[in-house]
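**Q** make a model of this:
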Amino acid sequence: MGALTDILIAGGVHLKDKRATLPVNPKQKWPYRELPDIKGAIIHHTVGKSWYTSEAIALMHIGLGWPGMAYTFYIHEEGPQYGSPIVTDFDHRLCDWGPQAGAGPHSVNAETFGVALGGNFVRVAPAPEMIVELVHLMCGLQIFFVQEVGHSLYVKPHFQVGKTQCPGLAWASYLAAIGCV
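**A** From the prediction side, this is the model:
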């Protein structure tokens, strides 16, 4: 599949590559940037159910006028019909970027990508399995960036770069586990 996906899978990420199958708006494209231009990752929550699919979220984002799914990676429960294991969907190319961290002159979108957890974590913490998946994903991404680009990523919760409670203020202690300060 490629260096990034190989590193993520070897690191224990339950990766599902959705890049070629998710719905997109055929009239729009995400802006493109080079890999060295990516400096960080912004962590989000979807506020929806933890088992919402990438397809459902992509359609919601298209309905907002976006080209497709705004998050590059989406960690969620597979769903009740699958016994609800935690998976990570790889939703679009790493070098594509969208409005996942707000708009305006101070936006970090040009230098970041989004990682979203399915669910609403304003008052409750994500399930421990979701945090483990997030840690595996972020560790693998750090390894990839150090090896391929020569720098590590900064990692911030959405609320540090925008006026929001996303990804939820209730789980601040978990943010330290993935490098958020």
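**Q** for burial, what's the neighbour tally of His14?
**A** Neighbourhood size, His14 [other Cβ atoms under 10 Å]: 17. C-betas here are computed from N, CA, C, even on glycine.
**Q** got it, and the one 4 residues further on?
**A** Using other Cβ under 10 Å, Lys18 has 19 other residues around it.
**Q** got phi/psi on it?
**A** In this entry, Lys18 is assigned phi and psi values of phi -110, psi 10 (degrees, to the nearest 10).
**Q** same deal with Thr112?
**A** The phi/psi pair for Thr112 (degrees, to the nearest 10) is phi -130, psi 170.
**Q** same question for Phe90.
**A** Recorded main-chain torsions at Phe90 are phi -100, psi 110, according to degrees, to the nearest 10.
**Q** nearest residue to it other than its sequence neighbours?
**A** By the measure of Cβ to Cβ, 6 or more residues apart in numbering, the closest residue to Phe90 outside its immediate chain neighbours is Asp17, 4.9 Å from it.
**Q** helices along the protein, start to end?
**A** With DSSP state H as the definition, the chain shows helices at residue ranges 3-10, 54-63, 128-148, 172-175.
**Q** could I get those helices as CSV with distance to Tyr74?
**A** Formatted as CSV, the helices of the chain follow (distance: least, Cβ to Cβ, whole Å):
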stretch, distance to Tyr74
helix 3-10, 13
helix 54-63, 5
helix 128-148, 10
helix 172-175, 17
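**Q** how about those in JSON lines, adding mean pLDDT?
**A** As requested, the helices of the chain are arranged in JSON lines below (pLDDT from 0 to 100):
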{"stretch": "helix 3-10", "mean pLDDT": "93"}
{"stretch": "helix 54-63", "mean pLDDT": "92"}
{"stretch": "helix 128-148", "mean pLDDT": "92"}
{"stretch": "helix 172-175", "mean pLDDT": "66"}
